[in-house]
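S.K.: Pasting a predicted model and its sequence here:
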Amino acid sequence: MKNRIRKLVGMVIYPNEKQPKGCLIVNTAVELSLLNQEVDEKVTETFIKTETLLFDLLKGGQEQGEIPEHYDIKELSKFIHNSLVGIRVLAKTTDDKKELETIIDLTLSTLD
């Protein structure tokens, strides 16, 4: 499960040639969501979908014993999503892959 989350977040650091740096939804959230209710609703909808994906991965990890039962996986999914959004922003401002990988490592270490 951790490897699947690492791959998901790693796509931000190592995009393919067809993928631009950054994320349209994060850019939109930062620039426009406070100015337009419809945009805000779409951003929120997309963020919820991402958190749901993370929740499902974390739930599977908890069911397989990879994540201790005492963790609230709903809160963990929000935390990891927050880290993912932050990495998306940082990926636009730095080419230091090691720094970004360190953030991913620290984020995933919270699942131990």
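M.R.: Sure, I can see it.
S.K.: how about the helices of the chain, start to end?
M.R.: 2-13, 24-32, 37-63, 73-93, 97-109 (DSSP state H).
S.K.: Pipe these into TSV and attach mean pLDDT and mean neighbour count per row.
M.R.: Where C-beta positions appear, they are placed from N, C-alpha and C, glycine not excepted. Shown next, in TSV, are the helices of the chain (pLDDT from 0 to 100; neighbours: other C-beta atoms under 10 Å):
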stretch	mean pLDDT	mean neighbour count
helix 2-13	88	16
helix 24-32	82	15
helix 37-63	94	15
helix 73-93	93	17
helix 97-109	94	14
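S.K.: Can you pull up the most central residue in this protein?
M.R.: Leu84 (2.7 Å; C-alpha atoms, centre = their mean).
S.K.: His81 versus Ile87, what's the distance?
M.R.: 11 Å (C-beta to C-beta, to the nearest Å).
S.K.: can I assume Arg6 is in contact with Leu111?
M.R.: No - taking contacts as C-beta atoms under 8 Å, Arg6 lies outside contact range of Leu111: 10.6 Å.
S.K.: wait, doesn't Ile104 sit right on Met11?
M.R.: No - contact criterion C-beta under 8 Å: Ile104 and Met11 do not qualify, at 11.1 Å.
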